[in-house]
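Peer 1: Okay, sequence plus prediction incoming.
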Amino acid sequence: MDKSKSAEPVFSVLDPRYQEPVREIFGLNPRLNTLEGKTINVINLHGGNEDAFESIAEGLKETIPSCNVVYFRTDGGFGGGPMTDEDWAKMTNCDAAITGHDF
């Protein structure tokens, strides 16, 4: 019997590391120094928890009367249906946003 050949399977281990492509990193937008005179969207994704989101919007408006607080809900995004063009237009037309969902 030839001892140079094994009856056991032979496995090769490959190095799973690879060179990641260079990509540009976009950080978070800087924090606003004030909410005075700013438009703040309170966005309720998927509906649900209306009382909580409405309370946040009302409390923000009471605390900073000069800011424009816009509350709205959408059924799109995450596990819901697709976001509509109208949803995206509302979501991006503000200085800051507070978002959340019902799960």
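Peer 2: Structure received.
Peer 1: counting contacts, what elements does the longest helix seen in the chain pack onto?
Peer 2: Using DSSP state H, we find that the single longest helix of the chain is helix 50-63. If contacts are counted by 3 or more CB pairs under 8 Å, 6 or more residues apart in numbering; DSSP states H and E, helix 50-63 sits against strand 39-45, strand 68-74, strand 96-101. For the C-beta atoms, the positions are set from N, CA and C on the backbone; glycine is no exception.
Peer 1: what about 6 Å?
Peer 2: The elements that helix 50-63 packs onto, with contact taken as 3 or more CB pairs under 6 Å, 6 or more residues apart in numbering; DSSP states H and E, are strand 39-45, strand 68-74.
Peer 1: Name every sheet partner of the first one and say whether each one runs parallel or antiparallel.
Peer 2: To tie it back to what came earlier, the one meant is strand 39-45. Within its sheet, strand 39-45 is paired with strand 68-74 (parallel), strand 96-101 (parallel), according to DSSP bridges.
Peer 1: can you put these in TSV and add mean neighbour count and mean pLDDT?
Peer 2: Shown next, in TSV, are these (neighbours: other CB atoms under 10 Å; pLDDT from 0 to 100):
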stretch	mean neighbour count	mean pLDDT
strand 68-74	18	89
strand 96-101	15	84
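Peer 1: This completes my enquiry, with thanks.
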